[in-house]
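Participant: predicted model follows, preceded by the sequence.
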Amino acid sequence: MNPRFLKSAAVLASAALALSACATATPYGPAGYGSRYGYSEQRIDADRYRISFAGNSVTSREQVEMALLLRAAEVTVQNGYDWFATIERATDRDVRYQATPDPFYYDRYSPFWGPRWRYYRRGYWSPWYDPFGPDFDVREIDRYEATAEIVMGRGPKPAGDPNAFDAREVIDNLGPRVPRAM
């Protein structure tokens with residue numbers, strides 16, 4: 001094989017590997033300090049907080065909701081309470097679309113790549129003009145943010161309330177499943 005081709009392929013493969021390393025889910029940690037992703041909380045009353053967790057475009061809805069519950073449990077334990085109940089809870093989905101031109105559709109600098117047919121453009125025949133326009137790849141990008149208002153309590157959690165959680169059990173069950181910052 002051509003050594004120049006092998007060098008180009010190696011550079012391209014290492015660039016793809018480097019980019020894929022950047023595409024990781026939002027690690028569990030506080031928002032701010034250069035990142036808008038992560039958790040934040042606001043004290044509303046002595047036993048009430050508003051907790052939120054914002055994920056990036058690689059973080060799934062399930063991961064965002066688990067991180068929210070984990071943070072609510074940690075805030076509960078840090079304030080000396082045993083259980084918490086969610087009063088209001090919502091997960092918002094932010095959708096945007098990104099269009100990128102197909103890199104294999106046009107290559108104006110190579111006579112060996114591109115469409116082989118010719119089109120008449122501005123008085124001359126051109127191998128690079130397509131009357132249907134350029135080809136684009138469209139990608140949908142989702143980003144989730146979960147928020148909850150919680151009320152905290154001491155003693156055993158209220159029986160029969162599906163919105164009440166034992167804080168220590170939540171930490172034990174969800175803590176190992178939530179990716180942490182390195």
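Facilitator: All right, it came through fine.

Participant: only C-alpha atoms from now on, for both contacts and neighbour counts.
Facilitator: Will do.

Participant: which SS class is Ala73?
Facilitator: Three-state secondary structure (criterion: DSSP: H, G, I helix; E, B strand; the rest coil) places Ala73 in helix.

Participant: grab the nearest non-local neighbour of it.
Facilitator: For Ala73, the nearest residue in space outside its immediate sequence neighbours is Ala167; the separation is 4.4 Å by Cα to Cα, 6 or more residues apart in numbering.

Participant: I figured that neighbour hits Asp82, correct?
Facilitator: Yes. Applying Cα atoms under 8 Å as the test, Ala167 and Asp82 come out as touching, 5.8 Å apart.

Participant: between these two, tell me which one has more neighbours.
Facilitator: Legend: neighbour count by other Cα atoms under 10 Å for Ala167 and Asp82, higher for Ala167 (24 against 20).

Participant: quick one, what contacts that one?
Facilitator: The contact partners of Ala167, by Cα atoms under 8 Å, 6 or more residues apart in numbering, come to Ala72, Ala73, Glu74, Thr76, Val77, Asp82, Trp83, Phe84.

Participant: quick one, phi psi at it?
Facilitator: Note on Ala167: its backbone torsions stand at phi -60, psi -40 [degrees, to the nearest 10].

Participant: what pLDDT does the model give it?
Facilitator: With respect to pLDDT, Ala167 has a value of 95.

Participant: was I right about Ile51 contacting Thr147?
Facilitator: Yes. Counting by Cα under 8 Å, a contact exists between Ile51 and Thr147, whose distance comes to 5.7 Å.

Participant: just give the closest residue to Arg149, not the sequence neighbours.
Facilitator: I think there's a mix-up here, since residue 149 is Glu and not Arg. In space, Glu149 is closest to Arg50, 4.3 Å off (Cα to Cα, 6+ apart).

Participant: paired strands for the helix or strand hosting the one you found, with orientation please.
Facilitator: Per DSSP states H and E: Arg50 is located in strand 48-54. In the sheet containing strand 48-54, its partner strands are strand 38-45 (antiparallel), strand 136-153 (antiparallel), by DSSP bridges.

Participant: mutual contacts of Ala167 and Asp82, please.
Facilitator: Common contacts of Ala167 and Asp82, defined by Cα under 8 Å, 6+ apart, comprise Thr76.

Participant: ok, back up a step: most tightly surrounded among the strands paired with strand 48-54?
Facilitator: Ranked by mean neighbour count, the strands paired with strand 48-54 are led by strand 136-153 with a mean of 18 (mean count of other Cα atoms under 10 Å).

Participant: before we move on, the earlier item: which neighbours do Ile51 and Thr147 share?
Facilitator: Common neighbours of Ile51 and Thr147, using Cα under 8 Å, 6+ apart, are Leu68.
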